[in-house]
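A.B. asks: How does the following fold in three dimensions:
(4 chains)
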4 protein chains.
Amino acid sequence: MSNSIPFQKILLNQLPIPIKLLTSYHSLGLDEREVMVIIHLLRYLQENNDFPTPFELAEQMTISEKDCANILRKLIQNDFLAIEQQMNEEQQLSESYLLDPLWEKLYSPVPVQEEKTVGTIF
Amino acid sequence: MSNSIPFQKILLNQLPIPIKLLTSYHSLGLDEREVMVIIHLLRYLQENNDFPTPFELAEQMTISEKDCANILRKLIQNDFLAIEQQMNEEQQLSESYLLDPLWEKLYSPVPVQEEKTVGTIF
Amino acid sequence: MSNSIPFQKILLNQLPIPIKLLTSYHSLGLDEREVMVIIHLLRYLQENNDFPTPFELAEQMTISEKDCANILRKLIQNDFLAIEQQMNEEQQLSESYLLDPLWEKLYSPVPVQEEKTVGTIF
Amino acid sequence: MSNSIPFQKILLNQLPIPIKLLTSYHSLGLDEREVMVIIHLLRYLQENNDFPTPFELAEQMTISEKDCANILRKLIQNDFLAIEQQMNEEQQLSESYLLDPLWEKLYSPVPVQEEKTVGTIF
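C.D. replies: Below is the predicted model:
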C-alpha cells in the first residue's frame, strides 16, 4: 500500500558529502576506514555534537574504540583535523573538532602542488 | 587569509531538496511562495520542529503570518500536506506536519493522471 | 507492493541548499521569487549548465521569461550574482553565472555590516 | 583575499548520503570498505553512470579492482544490490545497478527480520 511509504523519513536525515572528498581521499593518503571516521565525524558535527568521543564514533562502525582513537590521532598529526578550544562565559573550556584543514587541502585556491609543477617547467 | 575561510560552516547546515519538487511544482499548480513555504517547512522538520507555527514559518519570509497560514490551509486542502496526530505516554496529543502526500504525487509508482490520459485515448 | 517503491529515484537527484540562504534572504532584501530564481540557477549550475537563459529558468517557474530576466538583472545590480567570461582554446568567449558574491555576503569572515554597527557605538 | 574563496565549487558537487545508512550498516553486517563501495556507486549513479566497472569504482579507492569486484558480488549475494537489465529501442541490452534492496532493508515499513525475531520468542 503506497500510503505506508515513509517518504519523509527517507528524504529528511541526509548528510551531504563533498564529492571532492570521495574522489581525492586516495591521493591525500587516506583509506576507506579513515574516510568513514571523517564521515561519521561530519554526522556528529551536523547534529551539533562538536566533540564526539572515540567510543561514540566507533559505536556504529566495525572498528574498535582504540582503532578509532588511533585514526583520530593520525588525522590530527597529518593535518586533516584540528581541535579548537573555546572558553564559555563560566570560564569553562570546551573542545570541538574542526575539519577545516582537510577542506583547505581540498579547496585551497592556490594548491601548492600545482605551483611546484609550474616551477619545474622553467 | 585562507585560514579564515569558514569551510565547516559552509559545508554543514545544508538542506537537500528533491530536484523533482523544483522541476514539477509548476505543473502541480504551486507557485514560488508556496514552494518556499514547503522548503521552510522541510527546514523545520529537519531540525525536529515537527509543527512550526505560521509565525515561525513567516519569520524568515517576506510574507505575513496570515498569508503563511492561508498557504498552509491551501496546501492541506489540495492534498500536498497532512497533519498527523500522536498521543504520547501521558495521553497528551501532539501534531506534526507530514509532506508525504506531496512526495506521493511526485514519486508515486503508478501516476493516476497518466492512467487517465491513456484511458481517454480509447 | 513495496518492491515498486522507487527508492533510488527518491534518494538521488537532490540539490543541497545552504540553510543560511533560507534563513537570511529576507534580511538581505530578497523575496521568495528571487530566491527561487537563485535555487533554479543552482540546479542548472549543478547540471553543468553554467549560463541558463531566462527562458530556461522561467520554464519551470510561474513567472514569465521577462520577469525572470528582470530578477537576474536585479541580482547582478545588487551584487548577489556575477557573470564570468572565459576564453576557450578556439578563442571563443563563453559566459557563466557565479553566485559567489551571494555566498560572500552570507559567509564572509568579517561582515561589513557588523563593523559599521560597532562604529556607531563610539 | 576573500574573492578567491571558491564558494561555488565548495557548495555544488555534493552527494547526500542517507544518515540511516551510516548508522545502520554495522547492524546489517557491512563494514567500512563495503559502505565506501556503496557510496562510490551512489556517486556514479548520480552522475548517470548506471553501471560503473570494478575498475572505475576502485580507481579512487585504496582497494584493488579484484577486491572491488568481490565486494560487488557479496553485496548482490546478500541482497543489498541488484542488477537491472533494460532493452533499448535497437534491441540492445544494457545493465544498471539498483541499490533498492538496500534501501528496502533500511526503510521498509514492516521489517521482515523483526517479525521473525518476535516469532522465535514464542
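A.B. asks: Please make it C-alpha for all contacts and neighbour counts, starting now.
C.D. replies: Noted.
A.B. asks: residues contacting A:V37?
C.D. replies: A:L57, A:C68, A:I71, A:L72 (CA atoms under 8 Å, 6 or more residues apart in numbering or on different chains).
A.B. asks: Next, count neighbours for the last one.
C.D. replies: By that I understand A:L72. When neighbours are counted by other CA atoms under 10 Å in any protein chain shown, A:L72 registers 21.
A.B. asks: where's it, which helix or strand?
C.D. replies: Element membership for A:L72 (DSSP states H and E) is helix A:65-77.
A.B. asks: Low-confidence bits of chain A, can you list those?
C.D. replies: Across chain A, the ranges flagged by pLDDT under 70 are A:1-4, A:109-122.
A.B. asks: If we use 50, what do you get?
C.D. replies: For chain A, the stretches with pLDDT under 50 are A:1-3, A:111-122.
A.B. asks: all helices for it, in order.
C.D. replies: A:7-11, A:19-24, A:32-46, A:54-59, A:65-77, A:100-107, A:112-121 (DSSP state H).
A.B. asks: Which members of the contacts of A:V37 are the farthest-apart pair?
C.D. replies: Farthest-apart pair in the contacts of A:V37 is A:L57 and A:I71; separation 10.9 Å (CA to CA).
A.B. asks: shouldn't A:S24 be in contact with D:Q60?
C.D. replies: Yes. Between A:S24 and D:Q60 there is a contact under CA atoms under 8 Å: 7.1 Å.
A.B. asks: Kindly report the residues of chain A close to chain B.
C.D. replies: Residues of chain A that fall close to chain B, judged by CA under 8 Å from any CA of the partner chain: A:2-3, A:6-8, A:11-14, A:16, A:18, A:42, A:45-46, A:98-100, A:103-104, A:108.
A.B. asks: So among those, which ones count as buried?
C.D. replies: Buried by 16 or more other CA atoms under 10 Å in any protein chain shown: A:7-8, A:11-14, A:16, A:18, A:42, A:45-46, A:98-100, A:103-104, A:108, out of the residues of chain A next to chain B.
A.B. asks: show me which of those neighbour chain C.
C.D. replies: Restricting those to those near chain C by CA under 8 Å from any CA leaves A:L11, A:P16.
A.B. asks: Can you list the neighbours in contact with stretch A:59-78?
C.D. replies: Everything outside stretch A:59-78 that qualifies as a contact, by CA under 8 Å, 6+ apart, is A:34, A:37, A:54-55, A:57-58, A:81-82, D:22-26, D:31-32.
A.B. asks: one more time with 7 Å, if that's ok
C.D. replies: For stretch A:59-78, contacts defined as CA atoms under 7 Å, 6 or more residues apart in numbering or on different chains pick out A:E34, A:P54, A:F55, A:A58, A:L81, A:A82, D:T23, D:H26, D:D31.
A.B. asks: What is the neighbour count of the first one?
C.D. replies: So the one you mean is A:E34. A:E34: 19 neighbours (other CA under 10 Å).
A.B. asks: Excluding chain neighbours, give the residue nearest to it in space.
C.D. replies: Of all residues beyond its chain neighbours, the one nearest A:E34 is A:I71 (6.4 Å), with distances taken as CA to CA, 6 or more residues apart in numbering or on different chains.
A.B. asks: beta partners of the residue of chain A found nearest chain D?
C.D. replies: Taking CA to the nearest CA, chain D has its nearest neighbour within chain A at A:P16, 3.8 Å off. Bridge pairing for A:P16 (DSSP bridges) gives the partners D:P16.
A.B. asks: got a list of what it touches?
C.D. replies: D:Q14, D:L15, D:P16, D:I17.
A.B. asks: Any figure for the gap between the first one and B:S96?
C.D. replies: Think D:Q14. 30 Å (CA to CA, to the nearest Å).
A.B. asks: try the second one
C.D. replies: Using CA to CA, D:L15 is found at 28 Å from B:S96.
A.B. asks: what's the answer for A:Q86, then?
C.D. replies: 36 Å.
A.B. asks: Show me which of the two is the more surrounded one.
C.D. replies: B:S96 (16 against 12).
A.B. asks: these two touch, right, that one and B:D50?
C.D. replies: Yes. Assessed by CA atoms under 7 Å, B:S96 is found in contact with B:D50 at 4.7 Å.
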